[in-house]
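> Structure for this input, please:
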Amino acid sequence: MKAMRTAGAMLLCLAMLGTAGCAVEKVRENMTVDEAKAIAQAGELDIARSIPTDLVGETVQQPTGSLLSCHGERAYAWAGGTVVHLVGAPEVGDVIDGLIDVYAEEDGWSSKSSTSAHGDPQAEITGPDGDWYLVSGYAEDETIDIDSRSPCFRLPEGQSPRGGF
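The predicted structure follows:
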């Protein structure tokens with residue numbers, strides 16, 4: 001059951017990450033995959049560091065991600081994620097609410113509350129570079145998942161969007 005919920009949540013997240021913000025976002029013509037990845041991964045860790053340290057047991061960032069189609073020819077966004085394992089059985093909804101408050105006040109960032117299809121609390125956070133994050137809390141696992149999407153960029157001709165980046 002837990003594996004099915006995780007797989008379903010991941011597919012939903014990827015679908016949301018693939019479409020979030022791309023309709024109005026400008027494609028960055030000179031950004032590389034590595035630059036896009038660096039922006040998204042830095043944002044993931046920034047969000048993870050905003051969780052009170054006494055609640056954090058371990059933070060695990062995925063070393064690779066995928067490219068998701070954005071809009072326009074050869075336009076992609078890098079997508080990845082970080083999982084924060086909590087300690088002390090905190091109320092994950094309170095942790096999510098705290099992150100929403102932090103990024104509502106952070107210069108260049110914005111945040112809003114949402115709820116997953118399973119009723120779990122979520123935050124949608126947009127970074128100053130057009131990067132976007134879906135932050136989900138899972139009480140039974142005592143985890144916070146931070147899924148990221150970089151700004152849209154143009155993939156050079158001859159470079160495949162398939163595989164891990």
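> Tell me where this structure has strands.
56-61, 66-69, 75-86, 110-115, 121-126, 132-138, 143-149, 153-154 (DSSP state E).
> what residues are up against the spatially most distant residue from the centre of the chain?
The centre of the chain is farthest from one residue, Gly158, which by C-alpha atoms, centre = their mean lies 27.5 Å away. By C-beta atoms under 8 Å, 6 or more residues apart in numbering, the contact set of Gly158 is empty. (C-beta placed from N, C-alpha, C; glycine too.)
> and what of Val27?
Val27 neighbours (C-beta under 8 Å, 6+ apart): Cys70, His71, Gly72, Ala75, Cys152, Phe153, Arg154.
> For it, give its distance to Glu35.
Shown here: Val27 relative to Glu35, a distance of 13 Å by C-beta to C-beta, to the nearest Å.
> Quick check: neighbours shared by these two?
Phe153.
> show me where pLDDT drops low in this structure?
The chain contains residues with pLDDT under 70 at 1-25.
> Try it again at 90.
In the predicted model of the chain, residues 1-26, 71-73, 118-120, 138-141, 156-161, 163-164 satisfy pLDDT under 90.
> contact partners of stretch 84-98?
Outside stretch 84-98, the residues that touch it by C-beta under 8 Å, 6+ apart are 48, 50-52, 54-60, 113, 120-123, 135-139, 142-146.
> Now the buried members of the residues you listed.
Buried residues within the contacts of stretch 84-98, defined by neighbour count using 16 or more other C-beta atoms under 10 Å: 48, 50-51, 55-56, 59, 120-123, 135-138, 142-146.
> just to revisit the earlier point, could you export the strands of the chain to JSON lines, including columns for distance to Ile39?
Formatted as JSON lines, those follow (distance: least, C-beta to C-beta, whole Å):
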{"stretch": "strand 56-61", "distance to Ile39": "14"}
{"stretch": "strand 66-69", "distance to Ile39": "14"}
{"stretch": "strand 75-86", "distance to Ile39": "8"}
{"stretch": "strand 110-115", "distance to Ile39": "16"}
{"stretch": "strand 121-126", "distance to Ile39": "12"}
{"stretch": "strand 132-138", "distance to Ile39": "11"}
{"stretch": "strand 143-149", "distance to Ile39": "9"}
{"stretch": "strand 153-154", "distance to Ile39": "10"}
